[in-house]
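>>> Pasted the sequence and its predicted model underneath.
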Amino acid sequence: MNSAYPAVDARRRTLCHEAGMRIVAMVEEDLKLSKIMTKEAFENAIRANAALGGSTNAVIHLLAMAGRIGVDLGLDDWDRLGQDVPTIVNLMPSGEHLMEDFCYAGGLPAVLRALGEHGHLHRDCLTVTGASIWDNVKDAGNYNEDVIRPYERGLVKSGGIAVLRGNLAPDGAVIKPSAATPKLMKHTGRAIVFENIEEYKRRIEDPELDVDPDCVLVLKNCGPKGYPGMAEVGNMGLPPKILKQGVFDMVRISDARMSGTAYGTVVLHACPEAAAGGPLALVEEGDRIELDVEARRLELLVDAAELERRRKAWQPPEPPASGYVSMYVRHVMQADKGADLDFLQGCRGHEVPRESH
């Protein structure tokens, strides 16, 4: 229940105490992360995220964790594993309830039980309790079927994260279909381009901005290298002149992340990012962009010769001169690899001689 207890719930203090005791016991049992964080366990997490209507941030976090421990996990696993899992948790932004309601309805154990009963859980996966994940959740109750819906009547039939590819994101980009507007899932529009977050903030409220509801908002240079740090700015607010028309969603594309509480038809984590010379860097105001989520396609409708001309004219951003930021920019990987530092890949720990502890 750690994922669902409210911050002010007294049971959090008890959980912390129990977790500390369990950590000590795991050391005594020699129960290592490598025994728990297996490929099957990551697959369980991806399916759970789909059932929850969970955040696109989970994509980056799990890819980074898998990379650290040496598990072969990629964007294609996210797309493959989430397609046939319905979103059964009726929470904002995909649904209507709050996280506290989820807690009282039964929390994550109830969701995992539903997945296990419908063939979407590797039941034998070992957990930090020392028992299997199925042993942990097989008796979990669902106390509110409007919050945690029965498997047969989920909010959406396919709740997983969709992975898009094309000439605008050859290494992948992601979208959360359960939080998107259905009519925009297949859309072609004119690009309104912001070279960085500062330009976006400067231009977005301009009443003279040449934008209409069919346009596609494009934000560059907010990925792992570009910001740097890949901040949660991908859920760009709409221009006020569009909001005044009663329009509350537009297609938005960036190499940034966005908060799990945000919603809309927002394409994120475009790889390679603009600051690394990815195709996003070549998008110009007025270009046509095609999004087709069902076909998993994201295309910049500009001919190859013109794109090559733009690529030759493109100049990479000036790298930081020194310090931690310089090291970070040199070594951070792209979002499809978890935006982790390359020298930490496979860093699953090594035996240390007792006398050197």
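Yes, it's here.

>>> Return the residues in contact with S254.
Contact analysis of S254 by C-beta atoms under 8 Å, 6 or more residues apart in numbering lists V218, L219, K220, C222, V233, G234, M236, V266, V267, L268, A270, L280. The C-beta positions use only the backbone N, C-alpha and C, and glycine is treated the same way.

>>> repeat for G286
G286 touches R190, A191, counting by C-beta under 8 Å, 6+ apart.

>>> what about E299, which helix or strand?
Following DSSP states H and E, one finds E299 within strand 297-300.

>>> how about that strand as CSV, C-alpha atoms only?
Presented in CSV, the C-alpha positions along strand 297-300 are these (Å, rounded to 0.1, in the frame of the first residue of the first chain):
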residue,chain,number,x,y,z
ARG,A,297,3.6,7.1,-36.6
LEU,A,298,5.0,10.6,-36.1
GLU,A,299,6.0,12.3,-39.3
LEU,A,300,7.4,15.7,-40.3
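
>>> who's in contact with that strand?
164-169, 173, 253, 267, 270, 279, 282-283, 287-292, 307.

>>> how does it look with 6 Å?
Strand 297-300 has contacts (C-beta atoms under 6 Å, 6 or more residues apart in numbering) with L164, G166, N167, L168, A169, A173, I289, E290, L291.

>>> list the buried ones in that strand?
For strand 297-300, burial by neighbour count (16 or more other C-beta atoms under 10 Å) applies to R297, L298, E299, L300.

>>> got it, and stretch 336-349?
D336, K337, G338, A339, D340, L341, Q345.

>>> The residues you listed in helices, which ones?
Among the buried residues of stretch 336-349, no member falls in helices (criterion: DSSP state H).

>>> Flag whichever of those scores worst on pLDDT.
Within the set of those, pLDDT is lowest for Q345 (90).

>>> Buried among the contacts of strand 297-300? Need that as a selection in PyMOL.
In PyMOL syntax, the buried subset of the contacts of strand 297-300 is picked out as below (16+ other C-beta under 10 Å):
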select buried, resi 164+166+168+169+173+289+290+291
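
>>> With respect to P150, which of the contacts of strand 297-300 is nearest?
Taking C-beta to C-beta as the measure, P150 lies nearest L164 of the contacts of strand 297-300, at 30.5 Å.

>>> May I have the beta-bridge partners of the closest one?
Bridge pairing for L164 (DSSP bridges) gives the partners A173.

>>> Against K220, how distant is it?
Per C-beta to C-beta, to the nearest Å, L164 is found 17 Å from K220.

>>> Highest neighbour count among the contacts of S254?
Using other C-beta atoms under 10 Å as the neighbour test, the contacts of S254 are led by A270, with 33 neighbours.

>>> Which residues does the stretch of helix or strand that one belongs to contact?
In this structure, A270 sits in strand 266-271 according to DSSP H and E. Outside strand 266-271, the residues that touch it by C-beta under 6 Å, 6+ apart are 56, 169, 171-175, 234-235, 252-253, 255, 258, 280, 334-336.

>>> Please check the residues you listed and keep the buried ones.
Among these, those classed as buried by 16+ other C-beta under 10 Å are 56, 169, 171-175, 234-235, 252-253, 255, 258, 280, 334-336.

>>> Narrow the residues you listed to those in strands?
Cross-referencing the buried ones among the contacts of strand 266-271 against strands under DSSP state E gives G172, A173, V174, I175, R252, I253.

>>> And the furthest pair within those residues?
Farthest pair in those (C-beta to C-beta) is G172 and R252. Separation: 17.0 Å.

>>> Take the ones in strands among the buried ones among the contacts of strand 266-271 and lay them out in JSON lines including pLDDT.
Output for those, formatted as JSON lines (pLDDT from 0 to 100):
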{"residue": "G172", "pLDDT": "98"}
{"residue": "A173", "pLDDT": "98"}
{"residue": "V174", "pLDDT": "97"}
{"residue": "I175", "pLDDT": "95"}
{"residue": "R252", "pLDDT": "98"}
{"residue": "I253", "pLDDT": "98"}
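
>>> average model confidence for the strand holding E299?
Mean pLDDT, strand 297-300: 98.

>>> do stretch 84-96 as well
Taken as a whole, stretch 84-96 has a mean pLDDT of 89.

>>> residues making contact with stretch 108-121?
With C-beta under 6 Å, 6+ apart as the criterion, stretch 108-121 contacts S3, N44, R47, A51, V85, R123, W134, V137, A140, N142, I148, Y151.

>>> Tell me the secondary structure at the closest residue to K225 other than its chain neighbours.
Leaving aside its chain neighbours, K225 sits nearest to A275 (4.3 Å; criterion: C-beta to C-beta, 6 or more residues apart in numbering). Local secondary structure at A275 is given as helix here, using DSSP: H, G, I helix; E, B strand; the rest coil.
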